[in-house]
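Visitor: Sequence below, structure please.
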Amino acid sequence: MEEHDSMYPVPSAQLAQKRRELVPGIERAFREFGREVFAAGALDTKTKQLIAVAVAHVTQCPYCIRGHTKSARREGATEQEVMEAIWVAAEMRAGGAYAHSLIALQTIASEET
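Guide: Residues are numbered from 1 along each chain as shown. This next block holds a predicted model:
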């Protein structure tokens with residue numbers, strides 16, 4: 001059995017049903033959107049799932065990390081491909097901090113003038 005952080009509810013049929021009942025049209029539209037997004041197109045489904053694994057790590061969504069990792073593996077992604085996608089996400093996240101450091105440096109420089 002998977003452990004879940006107490007900050008996040010354990011997914012359940014009851015919670016999913018409640019979400020569907022509250023706004024059923026949007027739930028259907030969201031699911032259809034997901035099916036269309038992850039369908040093979042210019043990118044194959046494995047590549048799309050690897051992108052989703054990387055994005056899930058940047059958004060830090062544990063449900064997405066689990067779900068898209070499982071989907072990527074079902075689509076044939078190797079452990080190495082999954083981990084490499086995660087490292088790409090880590091570099092991009094760190095790269096954002098690095099790139100935005102110019103704002104801090106510019107701010108400091110403007111105080112000196």
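
Visitor: Distance-wise, check residue 24 relative to residue 45.
Guide: Separation of residue 24 from residue 45 (CB to CB, to the nearest Å): 27 Å. Where you see a C-beta, it was placed from the backbone N, CA and C, and this is true even at glycine.

Visitor: just residue 30 next, same as before
Guide: 19 Å.

Visitor: more neighbours, those two?
Guide: Using other CB atoms under 10 Å, the more surrounded residue of residue 30 and residue 45 is residue 45, with 17 against 12.

Visitor: show me the contacts for the more buried one.
Guide: 38-39, 75 (CB atoms under 8 Å, 6 or more residues apart in numbering).

Visitor: Of those residues, just say which sits nearest to residue 111.
Guide: residue 38 (48.2 Å; CB to CB).

Visitor: Looks like the closest one contacts residue 47 (just checking).
Guide: No - here residue 38 lies out of contact with residue 47, judged by CB atoms under 8 Å, at a distance of 10.4 Å.

Visitor: how about the helices in the chain?
Guide: Counting by DSSP state H, the segments of the chain that form helices are 13-22, 24-38, 45-59, 62-74, 79-111.

Visitor: Comparing those, which comes out most buried?
Guide: Among the helices of the chain, helix 45-59 has the highest mean neighbour count (mean count of other CB atoms under 10 Å), at a mean of 19.

Visitor: Extract the CA atoms of stretch 53-68 and return them as CSV.
Guide: Taking C-alpha atoms only, stretch 53-68 is exported to CSV below (Å, rounded to 0.1, in the frame of the first residue of the first chain):
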residue,chain,number,x,y,z
VAL,A,53,6.5,13.4,-15.3
ALA,A,54,8.9,16.3,-15.6
VAL,A,55,6.2,19.0,-15.2
ALA,A,56,4.7,17.1,-12.3
HIS,A,57,8.0,17.4,-10.5
VAL,A,58,8.2,21.1,-11.2
THR,A,59,4.6,21.7,-10.0
GLN,A,60,5.3,19.2,-7.1
CYS,A,61,2.0,17.4,-7.5
PRO,A,62,2.3,14.0,-5.8
TYR,A,63,-0.8,12.7,-7.6
CYS,A,64,0.6,13.7,-10.9
ILE,A,65,4.0,12.3,-10.2
ARG,A,66,2.5,8.9,-9.3
GLY,A,67,0.0,8.8,-12.1
HIS,A,68,2.2,10.1,-14.9
